[in-house]
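Engineer: Quick one, what's the 3D model for this:
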Amino acid sequence: MGLGGKQEQEYIFQVPEVEKKRALEELREDDGIREQSLEQMREWIAKHPNIKRCRTDAPFLLRFLRTKKFSVPLACEMLERYLTIRRLYPQWFQNLDSEDKDLADIINAGYLVPLLDRDQGRMVLFSCAGNFDPHKYTSAHMVKIHSLITEALMDDEINQINGYTYVNDESGFTMSHISLWSLTDVRNILRCIQNTTPMRHKSNHFLNISSNAIKLIEFAVSLLNEKLRSRIFMYKSTEELYANIDKKILPKEYGGEVPLQEMLNKFKVLLKEKRESILALDDMYIEIDEKTCTLVSEMNEELGMGIEGTFKKLTVD
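Structural biologist: Below is the predicted model of the structure:
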């Protein structure tokens, strides 16, 4: 995947009619607006004093335009933030190599797996906290896995239009998972998710929440904006989840038809195909002046309550 130039003209909008209709109704997208917006974004990138290298192909820029419903100023702001956090947090967003031993082991353990079937057209990301070993890996590994897997999915135009559903099985979540995280890290990663990641987050479902997990989840939810907060659902059992998510699309272990391992094996084929283009994202470059960059000062702000330290200090009933 090059960083601009020649492949720009080759774009053809090829999605099923149902997605074309949704794009028009929900995102105000038609051929004219799309063409005009892409042109404006490319012009903005070319003139930006600090953006030195950036992808300018349509699938990449449409991530931002669709997330921001074709408001070019908001899409440009989100792109600038996206490039900036990649620089500010290389431990989370760079060198996303599916063949890195640690990352490959976490993927193979089945910690985060995109499901084969969609939820009302949305891509479903299924996570199992118990499949992430907190004694072996760090919070940076955890974020990196999410970054790698979402980068593999974000150029897909059906995902861009329909958005994402998250299903999180929190059984197996322990105090050891909590102690991986500092409060500052939790706050910063949530800021990255809501302000800089070009994804339409449609709903987030948590099941089998232990008393350990509830404290962390409640804290994290309190930092989200109201729109994202209203899209979070919690269940005491898998059966309760079926009221909102079609049982058939879930892994066999959760009442569906296809075993989680089989879904994972299919996804690993996609990761292999996408490996080079994901690693090439590191070629993009924005210069950051830490004194004037608003994102840097936002990220450095102390938490509202002046809370410090890690979740080890949270008392758990």
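
Engineer: Over stretch 87-104, what's the mean pLDDT, rounded is fine.
Structural biologist: Mean pLDDT, computed over stretch 87-104, is 96.

Engineer: mind listing the strands for the stretch 101-250 of the chain?
Structural biologist: 112-114, 123-128, 164-169, 201-207, 232-235 (DSSP state E, counting those that start in this stretch).

Engineer: Out of these, flag the one nearest residue 83.
Structural biologist: Among the strands of the stretch 101-250 of the chain, the nearest to residue 83 by CB to CB is strand 201-207 (20.2 Å). The C-beta positions use only the backbone N, C-alpha and C, and glycine is treated the same way.

Engineer: Can you list the strands that that closest one pairs with?
Structural biologist: With DSSP bridges as the test, strand 201-207 is paired with strand 164-169 (parallel), strand 232-235 (parallel).

Engineer: okay if I get the ones you listed as JSON lines plus distance to residue 124, mean neighbour count and mean pLDDT?
Structural biologist: Output for those, formatted as JSON lines (distance: least, CB to CB, whole Å; neighbours: other CB atoms under 10 Å; pLDDT from 0 to 100):
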{"stretch": "strand 164-169", "distance to residue 124": "5", "mean neighbour count": "22", "mean pLDDT": "97"}
{"stretch": "strand 232-235", "distance to residue 124": "14", "mean neighbour count": "17", "mean pLDDT": "92"}
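
Engineer: Which one of those strands lies nearest to residue 131?
Structural biologist: Once the strands paired with strand 201-207 are compared by CB to CB, strand 164-169 is nearest, at 8.9 Å.

Engineer: mind checking how far the closest one is from the chain centre?
Structural biologist: 11 Å (CA atoms, centre = their mean, to the nearest Å).

Engineer: cool, and stretch 232-250?
Structural biologist: In terms of CA atoms, centre = their mean, the centre of stretch 232-250 is set 21 Å apart from its chain centre.

Engineer: Could you do stretch 220-237 as well?
Structural biologist: Worked out by CA atoms, centre = their mean, stretch 220-237 lies 16 Å from the chain centre.

Engineer: just stretch 249-256 next, same as before
Structural biologist: So, by CA atoms, centre = their mean, the centroid of stretch 249-256 is 23 Å from its chain's centroid.

Engineer: in it, what's buried?
Structural biologist: Within stretch 249-256, the residues scored as buried using 16 or more other CB atoms under 10 Å are 249, 250, 251, 254, 256.

Engineer: residues in contact with that stretch?
Structural biologist: The set of residues external to stretch 249-256 that reach it, using CB atoms under 8 Å, 6 or more residues apart in numbering, is 113, 115-119, 124, 126, 167, 169, 238, 241-242, 247-248, 258-260, 263.

Engineer: Which residue ranges of the stretch 201-317 of the chain form helices?
Structural biologist: 211-222, 226-229, 238-241, 260-280, 294-300 (DSSP state H, counting those that start in this stretch).

Engineer: For residue 33, which of the strands paired with strand 201-207 is the nearest?
Structural biologist: That would be strand 164-169 among the strands paired with strand 201-207, by CB to CB, at 23.1 Å.

Engineer: Now a ChimeraX select for only the buried ones of the contacts of stretch 249-256.
Structural biologist: Applying 16+ other CB under 10 Å to those leaves a buried subset, and the ChimeraX line that selects it is:
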select :113,115,118,119,124,126,167,169,238,241,258,260,263
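
Engineer: Could you list the low-confidence segments of this structure?
Structural biologist: Where the chain drops to pLDDT under 70, the residues are 1-9, 299-317.

Engineer: Just want the most central residue of it.
Structural biologist: residue 150 (5.0 Å; CA atoms, centre = their mean).

Engineer: now that one: how far from residue 28?
Structural biologist: 24 Å (CB to CB, to the nearest Å).

Engineer: cool, residue 138 as well?
Structural biologist: 42 Å.

Engineer: ok, now residue 114?
Structural biologist: 28 Å.

Engineer: out of those two, which sits in the more crowded spot?
Structural biologist: Under the criterion of other CB atoms under 10 Å, the comparison of residue 114 against residue 28 puts residue 114 first, with 20 against 13.

Engineer: beta partners of that one?
Structural biologist: Residues in beta-bridge contact with residue 114 (DSSP bridges): residue 125.

Engineer: which residues does it contact?
Structural biologist: 123, 124, 125, 126, 149, 153, 263, 267.

Engineer: now do 10 Å
Structural biologist: 123-126, 149-150, 152-153, 159, 164, 263-264, 266-267, 270 (CB atoms under 10 Å, 6 or more residues apart in numbering).

Engineer: Among the residues you listed, which one lies nearest to residue 42?
Structural biologist: When these are compared against residue 42 (criterion: CB to CB), the nearest one is residue 159, at 22.2 Å.

Engineer: Thanks a lot, catch you later.
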